[in-house]
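Student: Below: sequence and its predicted model.
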Amino acid sequence: MRALVKTAAGPGLELADVTAPQAGTGQVLIRVLRTGICGTDLHIDSWDDWAARTVRAPLVLGHEFVGEVVETGPGVQDVKAGDLVSGEGHLVCGKCRNCMAGRRHLCIRTIGLGVHTDGAFAEYVVLPESNVWVHRHPIDLDVAAIFDPFGNAVHTALSFPVLGEDVLITGAGPIGMMAAAVAGHAGARSVVITDVSPYRLDLARKMGATLAVDVSQGAIADVMPGLRMSEGFDVGMEMSGRADALQDMIAHMSPGGRIAILGLPTGEVALDMAAIVTRMLTLRGIYGREMYETWYAMSVLLQNGLDISPVITHRFGYEQHAEAFAAARSGRCGKVVIDWTRPTLAAGAS
Ligand code: ZN
């Protein structure tokens, strides 16, 4: 089968012919239809320090996908050939304390599809039945392809109640934009999102942000009076991984405010602990998706009208993988989707 492979330690990827995987006991073989490119894939492509420490070549990349089940291994009970599925890319042990308690997103032995084991940038991928999410209602294939990052957005956006609250999101990458859409859908009074990219701020407005603020041009405090806010934001969602963004967010929270942090800083971050203590702020780290409460929430939010499709801005065939990665790296994009059923698409941008 064709697959996008890190063939050796070092930068670059190769579209190669590799042996297709087979469905073992409890596993499902999936014909991949479409995949999304994640920041993780860019790190592995460019072979930064994290990738060099984490990834062993050869490796098929990719963990955001939608596909059709073509074969089930022995013992698979509830998933069947023909099912349209996305997959949870965190493979858990099922035996540690948190797994046994049903908190599989907190497994101590999580390994990553397309990071530690062959992934979905290929014509076929294999997953345990327990990692497969079956789409039981009609769904746009591009949207289904990005359920993994959509799940990050839903997990973060629904970490704290947002009904009637003023929400601040720092970082208008695809997950930040989707979180803005989710928070608005869930009844937030206002959703303010910050970034320094005019392209992404425009896209965040299309996704339903009340205000999109370029923090290289203006300050968060300046937009609060126009929203009739005087006491600060009630809920914060940190999506940038930048120290200054989290510090700025903490400075603009109302007393008792709650912050969910998905952005992953590369180093230590100095925080105003006195502000956190005296204003009784809550900070919560968010990683991945709750298995499978977040997946349930994603499906039902789409069924009752949430539209995240504007976040998908570029589509390519699998032979155009270099262009697709370049588009994802440019920052002038939302989500970039690769179609594994067609080698080329006429136009990259939609
Ligand atoms: Zn576990």
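Tutor: Nice, thanks for sending it over.

Student: wait, what's in contact with the residue lying closest to residue 159 once chain neighbours are set aside?
Tutor: Spatial nearest neighbour of residue 159, chain neighbours left out: residue 260 (4.0 Å); criterion: CB to CB, 6 or more residues apart in numbering. For glycine as for every other residue, the C-beta is placed from the backbone atoms N, C-alpha and C. Residue 260 makes contacts with 156-157, 159-160, 235-238, 284, 286, as judged by CB atoms under 8 Å, 6 or more residues apart in numbering.

Student: quick one: residue 260 is in a helix?
Tutor: No: under DSSP: H, G, I helix; E, B strand; the rest coil, residue 260 falls outside any helix and is assigned strand.

Student: re the thing from before, which of the contacts of residue 260 are buried? Put it as a PyMOL command.
Tutor: The buried residues among the contacts of residue 260 can be selected in PyMOL (16 or more other CB atoms under 10 Å) with this line:
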select buried, resi 156+157+159+160+235+236+237+238+286
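
Student: What is the nearest of the contacts of residue 260 to residue 130?
Tutor: Using CB to CB, residue 286 is the member of those that lies nearest residue 130, at 21.8 Å.

Student: is it true that the closest one touches residue 262?
Tutor: Yes: assessed by CB atoms under 8 Å, residue 286 is found in contact with residue 262 at 4.6 Å.

Student: Overlap in contacts, the two.
Tutor: Shared contacts of residue 286 and residue 262, counting by CB under 8 Å, 6+ apart, come down to 152, 155-156.

Student: And residue 147, how close does it get to residue 116?
Tutor: Here residue 147 is placed at a distance of 20 Å from residue 116 (CB to CB, to the nearest Å).

Student: if I pick the residue lying farthest from the centre of the chain, what's in contact with it?
Tutor: Distance from the C-alpha centroid of the chain peaks at residue 278, with 33.1 Å (CA atoms, centre = their mean). Counting by CB under 8 Å, 6+ apart, residue 278 makes contact with nothing.

Student: And it, how far from the ion?
Tutor: In this structure, residue 278 and the ion are 38 Å apart, going by CB to the ion, to the nearest Å.

Student: Residue 38 too?
Tutor: Note on residue 38: its distance to the ion, by CB to the ion, is 23 Å.

Student: Now whatever residue of the stretch 251-350 of the chain ends up closest to the ion. Nearest residue, chain neighbours left out?
Tutor: Nearest residue of the stretch 251-350 of the chain to the ion (CB to the ion) works out as residue 291 at 10.6 Å. Take residue 291 and drop its neighbours on the chain: the residue closest to it by CB to CB, 6+ apart is residue 104, 4.1 Å away.

Student: can you check residue 178 too?
Tutor: Per CB to CB, 6+ apart, closest to residue 178 is residue 153, 3.6 Å.

Student: Can you say which helix or strand has that neighbour in it?
Tutor: Using DSSP states H and E, residue 153 sits in helix 147-157.

Student: How about stretch 112-119, which residues are buried there?
Tutor: 112-115, 117-119.

Student: Intersect those with the contacts of the ion.
Tutor: Among the buried residues of stretch 112-119, no residue lies close to the ion (CB under 5 Å from the ion).

Student: Spatially, which two of the residues you listed are the most separated?
Tutor: Distance extremes for the buried residues of stretch 112-119: the farthest pair is 112 and 118 at 11.2 Å, using CB to CB.

Student: what about residue 268, how many neighbours?
Tutor: Using other CB atoms under 10 Å, residue 268 has 7 neighbouring residues.

Student: Just want the most central residue of this protein.
Tutor: residue 149 (1.7 Å).

Student: Contact residues of the chain facing the ion?
Tutor: For the chain, the contact set with the ion under CB under 5 Å from the ion comprises 92-93, 96, 99, 107.

Student: repeat that with 6 Å
Tutor: 92-93, 95-96, 99, 107-109 (CB under 6 Å from the ion).

Student: Quick check: beta-bridge partners of residue 312?
Tutor: For residue 312, the beta-bridge partners are residue 335 (DSSP bridges).

Student: check contacts around it.
Tutor: Counting by CB under 8 Å, 6+ apart, residue 312 touches 142-143, 146, 334-335, 337, 350.

Student: Drop the exposed ones from the residues you listed and show what's left.
Tutor: Using 16+ other CB under 10 Å as the burial test, the contacts of residue 312 include 142-143, 146, 334-335, 337 as buried.

Student: would CSV of the contacts of residue 260 with secondary structure and pLDDT be doable?
Tutor: Output for the contacts of residue 260, formatted as CSV (DSSP: H, G, I helix; E, B strand; the rest coil; pLDDT from 0 to 100):
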residue, secondary structure, pLDDT
156, helix, 98
157, helix, 98
159, coil, 98
160, coil, 98
235, strand, 98
236, strand, 98
237, strand, 98
238, strand, 98
284, strand, 98
286, coil, 97
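
Student: tell me which of the contacts of residue 260 is nearest to the ion?
Tutor: residue 286 (18.3 Å).

Student: backbone phi and psi for that closest one, please?
Tutor: Main-chain torsions, residue 286, degrees, to the nearest 10: phi -130, psi 130.
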